[in-house]
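A.B. asks: got a predicted structure plus its sequence, pasted below:
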Amino acid sequence: MSAPDWLQKIQWSAPYRLSELIADPKKIPTFEGFYAFNLDPGPLQIGRVLYIGETERTGGLRARLRSYLPADPTKSKEDHSGALWIHWHRIKDSLGPDALTEPWGKISHRAKPTNDSRIYLRWSGWESDKKQRQAVETGLMQYYQAWYNKRQMKKDIDLETI
């Protein structure tokens with residue numbers, strides 16, 4: 001299967017380990033665009049992308065990604081579902097098999113961000129109006145079948161994704 005033409009217009013940065021960006025968030029640029037969390041440093045691959053998002057907010061990518069990268073995700077007050085899923089992925093391996101059935105109060109004391117060196121983040125600058133940027137974001141989610149982007153996976157857009 002070949003990638004759709006519009007996908008070729010997105011120039012992703014080199015991948016950065018989350019641990020590296022948590023230690024030095026100034027490595028994240030302040031322009032607007034897209035970001036992708038994935039499981040390895042190689043090229044983005046279908047089924048290996050955890051989450052894709054976009055931003056136009058003041059401060060660009062750095063301001064938006066700040067909510068995803070607290071040193072201790074268990075103490076975050078963030079309520080954005082994408083950030084919560086990334087927080088979960090950062091700590092899930094430290095919790096054990098009962099983590100999904102135990103109350104948070106019983107597991108949060110043993111939750112540690114053990115996956116920060118195994119999750120990678122990359123970004124791409126993109127300037128457009130909000131409607132176009134969100135359509136491309138949805139196309140990226142659908143093309144890469146991002147694990148934690150459930151809300152927009154079935155949304156109809158005017159871009160070919162497969």
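C.D. replies: In hand now; what should we look at? This is a predicted model, so every value here is computed, not measured.
A.B. asks: can you list the buried residues in the longest helix seen in the chain?
C.D. replies: What stands out as the longest helix in the chain, according to DSSP state H, is helix 130-144. For helix 130-144, the buried set under the neighbour-count rule, 16 or more other C-beta atoms under 10 Å, comprises Arg133, Gln134, Ala135, Val136, Glu137, Thr138, Gly139, Leu140, Met141, Gln142, Tyr143, Tyr144. C-beta coordinates here come from the backbone N, C-alpha and C atoms, glycine included.
A.B. asks: hang on, Ala36 in a strand?
C.D. replies: Yes. Ala36 sits within a strand when classified using DSSP: H, G, I helix; E, B strand; the rest coil.
A.B. asks: so it versus Leu95, what's the distance?
C.D. replies: Relative to Leu95, Ala36 is positioned 25 Å away (C-beta to C-beta, to the nearest Å).
A.B. asks: which parts of the protein are strands?
C.D. replies: Remark: strands assigned in the chain by DSSP state E are 16-17, 33-38, 49-55, 120-125.
A.B. asks: can I get the ones you listed in JSON lines with distance to Ser76 and mean pLDDT?
C.D. replies: Formatted as JSON lines, the strands of the chain follow (distance: least, C-beta to C-beta, whole Å; pLDDT from 0 to 100):
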{"stretch": "strand 16-17", "distance to Ser76": "19", "mean pLDDT": "98"}
{"stretch": "strand 33-38", "distance to Ser76": "15", "mean pLDDT": "96"}
{"stretch": "strand 49-55", "distance to Ser76": "15", "mean pLDDT": "94"}
{"stretch": "strand 120-125", "distance to Ser76": "16", "mean pLDDT": "96"}
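A.B. asks: what average pLDDT does stretch 6-13 get?
C.D. replies: For stretch 6-13, mean pLDDT rounds to 92.
A.B. asks: wait, Trp123 touches Glu32, no?
C.D. replies: No. Using C-beta atoms under 8 Å, Trp123 makes no contact with Glu32, being 10.0 Å away.
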